[in-house]
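Trainee: Provide a 3D model corresponding to the input given below.
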Amino acid sequence: HLYAFIDSMCLKCIVELGIPDIIHNHGQPITLPELVSILQIPPAKVSQVQSLMRYLAHNGFFERVRIHEKESYALTAASELLVKSCELSLAPMIEFVLDPTLSNSFHQLKKWVSEKDLTLFDISLGSHLWDFLNKNPALNKSFNEAMASDSQMMNLALRDCNWVFQGLEFIVDVGGGTGTTAKIICEAFPNLKCIVFDRPQVIENLSGSNNLTYVGGDMFKSIPKADVIL
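Mentor: From the prediction side, this is the model:
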């Protein structure tokens, strides 16, 4: 377990470099020389890039194949979810969760368990997470993009498990952000009323529809009544 964090950092690296997008746009498995040429990697680091690709291939994020006797790399089902240009992409989630501002917070776990009322983010950021996001527009934007990308996976859930929502009249999506999940649900179930409940500053410029409403508030104080809370 000691080096498990390296897996996450390697994923962050390939997302930041755009390697899944490069392979996707290449249209076929890509050789190491082709990849490092597009990345404009210094010659001294080519072997390190090869090690990175082989390590992630070992973890199932790439497939190692041979094209004209040359080692090449293809996307797998896992790395296809990291292609930023695709509709179903979890790349924004990786970028947000592994942002140093958040990941460094876990170095404060010892102090956190010793404090009675403070959350981990209260200790590491000096304020509540939501307050911190409000004061840091770039990170707040990253958070909203991460939530939207995660919500896109709801398409898959609705395709195979749509019976879950049958018979319901009202649902509320707490922390629903810009309403990506709610919009998907409302489109699939026109007779279902959905409330997106989030911080006022998140939903203030958003418009609803016949069966979609945006409500601002604090989930720690009260939540709109509904048949189901997401």
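Trainee: for stretch 136-153, which positions count as buried?
Mentor: Under the neighbour-count criterion of 16 or more other CB atoms under 10 Å, stretch 136-153 has 139-140, 142-152 buried. Just so you know, the C-beta spots here come from the backbone N, C-alpha and C atoms, and that holds for glycine as well.
Trainee: Among those, which lie within helices?
Mentor: 139-140, 142-152 (DSSP state H).
Trainee: Mind putting these into JSON lines with distance to residue 220 and pLDDT?
Mentor: Shown next, in JSON lines, are those (distance: CB to CB, whole Å; pLDDT from 0 to 100):
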{"residue": "139", "distance to residue 220": "21", "pLDDT": "94"}
{"residue": "140", "distance to residue 220": "19", "pLDDT": "91"}
{"residue": "142", "distance to residue 220": "23", "pLDDT": "94"}
{"residue": "143", "distance to residue 220": "18", "pLDDT": "90"}
{"residue": "144", "distance to residue 220": "20", "pLDDT": "87"}
{"residue": "145", "distance to residue 220": "24", "pLDDT": "90"}
{"residue": "146", "distance to residue 220": "21", "pLDDT": "91"}
{"residue": "147", "distance to residue 220": "18", "pLDDT": "84"}
{"residue": "148", "distance to residue 220": "23", "pLDDT": "83"}
{"residue": "149", "distance to residue 220": "25", "pLDDT": "86"}
{"residue": "150", "distance to residue 220": "21", "pLDDT": "82"}
{"residue": "151", "distance to residue 220": "22", "pLDDT": "76"}
{"residue": "152", "distance to residue 220": "27", "pLDDT": "78"}
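Trainee: how about the helices in the protein?
Mentor: 5-17, 19-26, 32-39, 46-58, 77-80, 91-97, 100-103, 109-114, 120-125, 129-135, 137-152, 154-161, 180-188, 200-203.
Trainee: circling back: ok, so of the buried residues of stretch 136-153, who is nearest residue 172?
Mentor: Distances from residue 172 to these, taken as CB to CB, are shortest for residue 151 (14.6 Å).
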